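[1] I would like to see how this sequence folds:
(chains A and B)
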Protein chains: 2
Amino acid sequence: MITPELRASRFMKAAYNEPTDTTPLWIMRQAGRYLPEYMEVRNKVTFIELCKTPELAAQVTLDAQRILGVDAAILFADLLPLLEPMGMDLEYQKGEGPVIHNPIQSASEVDRLKRLEDLSTLQFVFDTVKLVRRDLPADIPLLGFAGAPFTLASYAIEGGGSRNYLNTKRIMYNDPGAWHALMETLTSSLIGYLNAQIEAGVQAVQVFDSWAGCLSPSDYREFVLPHTRTVIDGVSGNAPVINFLTGNPALLPIMAEAGGQIVGLDWRVDMADARQILGPDRAVQGNMDPVSLLADLDTLKARAKAVLDAAGTTGHIFNLGHGVFPEVPPESAKALVEIVHELGAAQRA
Amino acid sequence: MITPELRASRFMKAAYNEPTDTTPLWIMRQAGRYLPEYMEVRNKVTFIELCKTPELAAQVTLDAQRILGVDAAILFADLLPLLEPMGMDLEYQKGEGPVIHNPIQSASEVDRLKRLEDLSTLQFVFDTVKLVRRDLPADIPLLGFAGAPFTLASYAIEGGGSRNYLNTKRIMYNDPGAWHALMETLTSSLIGYLNAQIEAGVQAVQVFDSWAGCLSPSDYREFVLPHTRTVIDGVSGNAPVINFLTGNPALLPIMAEAGGQIVGLDWRVDMADARQILGPDRAVQGNMDPVSLLADLDTLKARAKAVLDAAGTTGHIFNLGHGVFPEVPPESAKALVEIVHELGAAQRA
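    Residues are numbered from 1 along each chain as shown, chains lettered A, B, ... in the order given. A predicted model of the protein is given here:
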């Protein structure tokens, strides 16, 4: 639910292109391994136990927002547990990242991925949302999220991360019918999942297309755009959607057609060019190179200023172009929050 | 030397925007693991032994051109041996790819990379060129190549492949002076290396910026463009340069400023958009998604046709947007050559 207090937050005003006192920001993966407070919790449990224990997931979500002083909290969760009740045998291997032991290996197997029917299998996510919303400051929005259909499809097919997406594209190119069926299964599941997050208490959602940058513009248009659009169109009520894709600036004008109040940008595109492509009515999020947080403070400040100057003062939510790296000194992340708030206020003065 | 016969080849005419009877093509990594004839040679020696044995390197270069019937041969070699006489301790580990045991770990270490003075340390490359040129059909150009300064710098700093280029960007962002010094060392070395390839007998060279796609447009402009431009400007005589960068279409208008008769495109950008950005006087190379070679022949044909139609009939050298995968059936690669020649001729009829 978006209370009047939340609607008046910097994040929400920026999402709707309304004036704000300064530029709001949050940091992708802000509850992450660079934070000692996160590591303290994380060292007691496995990654997936942390995701599935609402008290702990809520704690790291709240810690990050409070420690950094960012303008939004983001649910601590992962893209892939959604695939478990859909039939995927998911395991997080120590040091290896996620592995799906029964990936979709050919077009004839796409019906092994089942539409998500029973949302209670993901109750731990919604319980985390409720716990966070209970303890988060009343003027700080909580963001939910999910993977975009392409990113989830490529995980289900490749069985994990992939360099070249050979199996994914092989199904896509050779059997468009099977591909679209797979994407529809994901799409309807995602709509249910995102709306249940909103029902539980998030104020906005980000849809992550982390891998779609491996596609050409025409392939994205044919094989991905209709499904991402369906997901975004299916998000209920008045929760803004952040439509985020990384890895290919040439997709920007097309992915923007999928919708989303806010378009999330990675650092590969120039912010001023992106604003020109997207037009003045679309809010944007991003897009500082995340490695900037390893630079000295003067350089960090100059790099943040370049993004702020290019974005202008309305409809911009500052963020990195990708998740924060474990190597980042927490002091630099905290400094970035101060820098953006200070420079954003100065820009408006 | 570019003989009249070579100057009249499809490749050279396309490089200079002159009419051809059909669209010329070659395939990046055409002498590669997908070819049984290559594997037969490769199984007898290590990868680096193959690179450093001119008779064998020449054989796989010639085999690939003859087997496929492509319009150019490309020197079988690797980007990294150039770094050995510059002071890098390079090893190709079985199954792991290249490793540099003494990477540049900070800005204070950049002078450990020494300017290449003695070209005879790379004599095996020039000997390979001579052997290939001796046996290659007189109307087929031989292409040489080298890594672009950024790609070589990131290898020297990261010590191998990298996901996020943290060390590279840390030096770049925190100590631009040290960064530019490192790039200048590479730049002058590369000019000598490329000109020695031309002297030995290649007709054109490709400069590979395989990793620069991790950069934002403003970082590319500041930290890379001047150096790549210096390399391309330094290539002697009338050998066309293919300026190839992969991973970020937003860099296209900027990297084109670095020069190169031909701009090499990966598949992430739409060919028609690229031609519009580059203008009618610039030849282009590319840009089919390399995974297309895993599709059935009808799909492969449709995908090749889409590239040809978007590129038009002059100033286009067909290629993949990246190297051919080991998983590709050799018959599909051979079929692609026929398809492109046939469709290219039909386009002109």
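[2] separation between residue A:330 and residue A:70?
    13 Å (C-beta to C-beta, to the nearest Å). (Each C-beta comes from the backbone N, C-alpha and C, glycine too.)
[3] which of those two has more neighbours?
    Neighbour count, other C-beta atoms under 10 Å in any protein chain shown: between residue A:330 and residue A:70, residue A:70 has more, with 25 against 16.
[4] can I take it that that one is in a helix?
    No. Residue A:70: not assigned to a helix; according to DSSP: H, G, I helix; E, B strand; the rest coil it is coil.
[5] quick one, phi/psi of it?
    In terms of degrees, to the nearest 10, the main-chain angles of residue A:70 are phi -80, psi 160.
[6] secondary structure class for residue A:164?
    Residue A:164 - assigned by three-state DSSP - is coil.
[7] before we move on, what about residue A:317?
    Assignment for residue A:317 (three-state DSSP): strand.
[8] so what sits opposite it in the bridge?
    residue A:285 (DSSP bridges).
[9] thought it was touching residue A:23?
    Yes. With contact defined as C-beta atoms under 8 Å, residue A:317 counts as touching residue A:23 (7.5 Å).
[10] shared neighbours of the two, anything?
    Jointly contacting residue A:317 and residue A:23 under the rule C-beta atoms under 8 Å, 6 or more residues apart in numbering or on different chains are residue A:14.
[11] OK, contacts around residue A:321?
    Residue A:321 makes contact with A:246, A:265, A:266, A:267, A:268, A:286, A:287, A:288, A:289, A:290, according to C-beta under 8 Å, 6+ apart.
[12] quick one, phi/psi of it?
    Taking degrees, to the nearest 10 as the convention, residue A:321 sits at phi -80, psi 0.
[13] from residue A:144, how far out is residue A:261?
    Applying C-beta to C-beta to residue A:261 and residue A:144 gives a distance of 14 Å.
[14] again but with residue A:164, I slipped
    31 Å.
[15] so those two - more neighbours on which side?
    Ranked by neighbour count (other C-beta under 10 Å), residue A:164 and residue A:144 place residue A:144 first, with 26 against 16.
[16] given the helix or strand harbouring the more buried one, what are its sheet partners and their directions?
    Assigned by DSSP states H and E, residue A:144 belongs to strand A:142-147. Taking DSSP bridges as the criterion, strand A:142-147 pairs within the sheet with strand A:73-74 (parallel), strand A:204-209 (parallel).
[17] which of the ones you listed sits closest to residue A:312?
    strand A:204-209 (20.8 Å; C-beta to C-beta).
[18] name the helices or strands packed onto the next helix or strand after that closest one?
    For strand A:204-209, the following helix or strand on the C-terminal side (DSSP H and E) is helix A:217-223. Applying 3 or more C-beta pairs under 8 Å, 6 or more residues apart in numbering or on different chains; DSSP states H and E, we find helix A:217-223 packed against helix A:166-174, helix A:176-200, helix A:252-255.
[19] closest one to residue A:111 among the ones you listed?
    Using C-beta to C-beta, the nearest of those to residue A:111 is helix A:176-200, at 7.4 Å.
[20] neighbours around residue A:279, how many?
    8.
[21] from the chain's centroid, how far away is the strand holding residue A:144?
    Distance, stretch centre to chain centre, for strand A:142-147: 6 Å (C-alpha atoms, centre = their mean, to the nearest Å).
[22] what angle separates it from helix A:176-200?
    Here strand A:142-147 runs at an angle of 170 degrees relative to helix A:176-200 (axes from the mean of the first three to the mean of the last three C-alpha atoms, to 10 degrees).
[23] wait, residue A:164 touches residue A:214, no?
    Yes. Using C-beta under 8 Å, residue A:164 is in contact with residue A:214, at 7.5 Å.
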